[in-house]
Structure formats: C-alpha cells, structure tokens
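Q: Got a predicted structure here, sequence first:
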Amino acid sequence: MIDATASLRAAEQISTSALIAYLRATGWSSRPSRVEGVEIFSKQIVGASDPVQFILPVKPAFTDELQRVANALRTVALIEGCSEEQVVESVGQAIRRQTQQDTQDRIGRIHVVDHDGSFRTFEQQLKGAGYQVATYPSAEQLLDRLPDDSAPDCVLLDIQMPGMSGLDLLGRLNELGSTLPIVFLTRGADMPTTVRAIKAGAEDFLTRPIEAKELFSALERALVRHAGTRGKPQKPEKVTTLTPRERDVLALVVRGKQNEQIAHELGMTERTAKIHRLHAIEKMKTKSLADLLAIAQPFDRLLS
C-alpha cells in the first residue's frame, strides 16, 4: 500500500466521474444513500458471504474531489487486494479505451478519393490527428463501397479526376439520396465550376495550396453538420429542395445575418455565402426578402 501523500498524487490523475465509470465497468453496483450526493458502491468478492460496500461522496459539499478520489482509491485497493498504483493504472487503461472509442464515435470518418496520390500528405496528417480515414483510388470505387449514414462521415475529393469527375460523383450521390457532405479540394477551379459544385450541394469548396488547419476546420464542420442532420424530423417541401449548406445559410438569413456575418459563422468566404444565399432564395421561389421571411420563419428550427 502507498501512503496518504502518494495516494493524493495518484488521485490527481483521475476524476470522480472516471472512477465511477471504472467501478461500474468492473462489477461494482451503486445506489443513492439517504444522504443526498452520496453513492453506496457494493460488489460481491470471492470468499465473502455478503457484498462489500463503501460510500463515495459525489458532490463537492462533502470534500474536495482530490481527497474523495484518494479515499476511494485506498478503499478499492484494500477490497480488491491490490496496490493503489494498480487501481490507478487499471482506471487509466479503461479511460484510454473509452476515450479512444468516444473519439472515433465523435470524429467519424473521412472518405478520401485520391486518384493520383496527391492527397497522401493530407491523409497522413488526418490520421495523425486521430481521424479515421478510408481511401479510394477513384470515384467509382467509393460508389462501390458507399458508406451509410450510421456514423458522421464526409468525402474529400478533387473536381478533375479520370473517369467519373468530382461533380459527376456529387450528382450520383444526390441521385442515391446520400447525405454525405462533400468537400472539394482542387487547384485553380474557375468561378462557373465553383458555382456548379455549390449549387449541386457541395459542403465546401477549397483551393490548393491550403494549410492543414484550414482543411481540418472544413472537414470538422462537415462532420458536425452530418452528425446533426442524421435522424432529424421531416422538413417542409420547399426546405427539402435546399442543400445542407443552403439551409445553414438560410437559417442565418432568417435571423437577420448579412453575407459577411454568415461567412464568418459558417467558416466560408463571403462569395460562397452569397452564392448559397442566392440559390436558397431562388429555390424558395420568393420575390423579396419579406416573402422569404414569411415562408421560412415558421420553419426556423428545422432549417439548420
């Protein structure tokens, strides 16, 4: 066993919530005591006729977090017949496993169509940052293994590719009813191509060279947006004709935001925000901003 000072040092590595999660994952059950803010933990130990128990204050009013975790560590170590260092290491392993799983669930996966290897550096950076990355040598390969909507995902690809182009792939995904956000990363695309991509529903349109931070921000926005749209309630007919990005922009238009403010909030250029805004208004078939507001405001919560 380790002394009280060492126990406090050990407790600095974990929180009350992490300790509770570990206890429940290793066979301890809990129930509230008669004193509010105190949990009673119990576990059947081999060789004991009755379950062993100990109490754990879970609110700051009783003692500071460091002290109550240290006390719990000493108790658990005594009951389990091991050292407090071993308990801390076991908790740490459980936390790392759960953190890794939570990160994967939260981050989702980036599907990279890399026909010529030019995205390889970005793929390595994404993996190094903890993202899950699936790579496809062509647009056709991605269609053959089309991801479903069970997790927040997005697609990163170029406009110009041999065979099926990026725009062709986007059109095909729309036909299939896929909600996967598409982020284009290309060199020197002209304005008509940019407009076509955005009008077809591209999540973002980026040009190279680009800093990794800017690319990661665009992909993270796409993943967050995809995570938030899966399983949402049915939208009114006119709203369903909008692309996800057009809905985002329209939601801010309804709230009185200008193009510059919309661009800042959604992390896009002002030119891109303006294009989305024009297309949204066109699809809503209104002749004025007042008409647009009259139609869209009742559906404000469903827009974004």
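A: Great, that's in hand.

Q: Helix or strand: which one has residue 275?
A: If you go by DSSP states H and E, residue 275 is part of helix 270-284.

Q: Just the pLDDT for the closest residue to residue 80 other than its chain neighbours.
A: Once flanking residues are discounted, residue 80 sits nearest to residue 87: 6.9 Å by CB to CB, 6 or more residues apart in numbering. C-beta here means a position set from N, CA and C on the backbone, and glycine is covered the same way. Here, the pLDDT recorded for residue 87 equals 70.

Q: hang on, residue 87 in a strand?
A: No: the assignment for residue 87, made by DSSP: H, G, I helix; E, B strand; the rest coil, is helix rather than a strand.

Q: Would you state the helices of the stretch 151-300 of the chain in chain order?
A: Ranges of helices in the stretch 151-300 of the chain, per DSSP state H, counting those that start in this stretch, are 166-175, 191-199, 212-229, 237-240, 244-254, 259-266, 270-284, 289-296, 300-303.

Q: Tell me which of those helices lies nearest to residue 29.
A: Residue 29 lies closest to helix 212-229 among the helices of the stretch 151-300 of the chain, at 32.7 Å (CB to CB).

Q: ok, back up a step: from residue 182, how far off is the residue nearest to residue 80?
A: Distance, residue 87 to residue 182, using CB to CB, to the nearest Å: 48 Å.

Q: can you check residue 135 too?
A: Separation of residue 135 from residue 182 (CB to CB) stands at 16 Å.

Q: higher neighbour count, the two?
A: Neighbours were counted for residue 135 and for residue 182 using other CB atoms under 10 Å; residue 182 has more, 28 against 16.

Q: Could you tell me which ranges of this protein sit under the pLDDT cut-off?
A: Residues of the chain that meet the criterion pLDDT under 70 lie in 1-15, 58-66, 68, 84, 88, 91-108, 149-150, 228-240, 285-304.

Q: and it, what are its domains?
A: If you go by automatic domain parsing, the domain ranges for the chain are 4-104, 108-231, 234-304.

Q: all strands for the stretch 51-200 of the chain, in order.
A: Using DSSP state E, counting those that start in this stretch, the strands assigned to the stretch 51-200 of the chain run over residues 52-57, 109-113, 132-136, 153-157, 182-186.

Q: Save the ones you listed as CSV, and put in distance to residue 80 too.
A: Below are these laid out as CSV (distance: least, CB to CB, whole Å):
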stretch, distance to residue 80
strand 52-57, 10
strand 109-113, 38
strand 132-136, 35
strand 153-157, 41
strand 182-186, 49
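
Q: Please work out which of these is packed deepest.
A: Most buried of those by mean neighbour count (mean count of other CB atoms under 10 Å) is strand 153-157; its value is a mean of 25.

Q: for that one, packing partners?
A: In terms of contacts (3 or more CB pairs under 8 Å, 6 or more residues apart in numbering; DSSP states H and E), strand 153-157 is packed against strand 109-113, helix 166-175, strand 182-186, helix 212-229.

Q: May I have the strands that pair with it, each with its orientation?
A: If you go by DSSP bridges, strand 153-157 pairs up with strand 109-113 (parallel), strand 182-186 (parallel).

Q: before we move on, the earlier item: distance from the chain centre to the helix holding residue 275, please.
A: Chain-centre distance of helix 270-284: 26 Å, with CA atoms, centre = their mean, to the nearest Å.

Q: Repeat that for stretch 201-211.
A: The chain centroid and the centroid of stretch 201-211 are separated by 20 Å under CA atoms, centre = their mean.

Q: what do you get for stretch 33-50?
A: Centre-to-centre, stretch 33-50 and its host chain are 37 Å apart (CA atoms, centre = their mean).

Q: Please apply the same query to stretch 128-145.
A: From the chain centre to the centre of stretch 128-145 is a distance of 18 Å (CA atoms, centre = their mean).

Q: was I right about residue 110 contacting residue 133?
A: Yes: if you go by CB atoms under 8 Å, residue 110 and residue 133 touch, sitting 5.1 Å apart.

Q: any shared contact partners between these two?
A: Common contact partners of residue 110 and residue 133 (CB atoms under 8 Å, 6 or more residues apart in numbering): residue 126.

Q: Quick check: residue 200 vs residue 280, distance?
A: Distance from residue 200 to residue 280, counting by CB to CB: 14 Å.

Q: repeat for residue 199
A: Residue 199 is 11 Å from residue 280, where distance means CB to CB.

Q: So the two - more neighbours on which side?
A: Higher neighbour count among residue 199 and residue 280: residue 280, with 26 against 16, using other CB under 10 Å.

Q: I'd guessed the more buried one sits against residue 249; true?
A: Yes: the pair residue 280 / residue 249 is scored as a contact, 5.8 Å apart, by CB under 8 Å.

Q: Now do the end-to-end distance for stretch 178-186.
A: End-to-end distance for stretch 178-186, by CA to CA, to the nearest Å: 22 Å.
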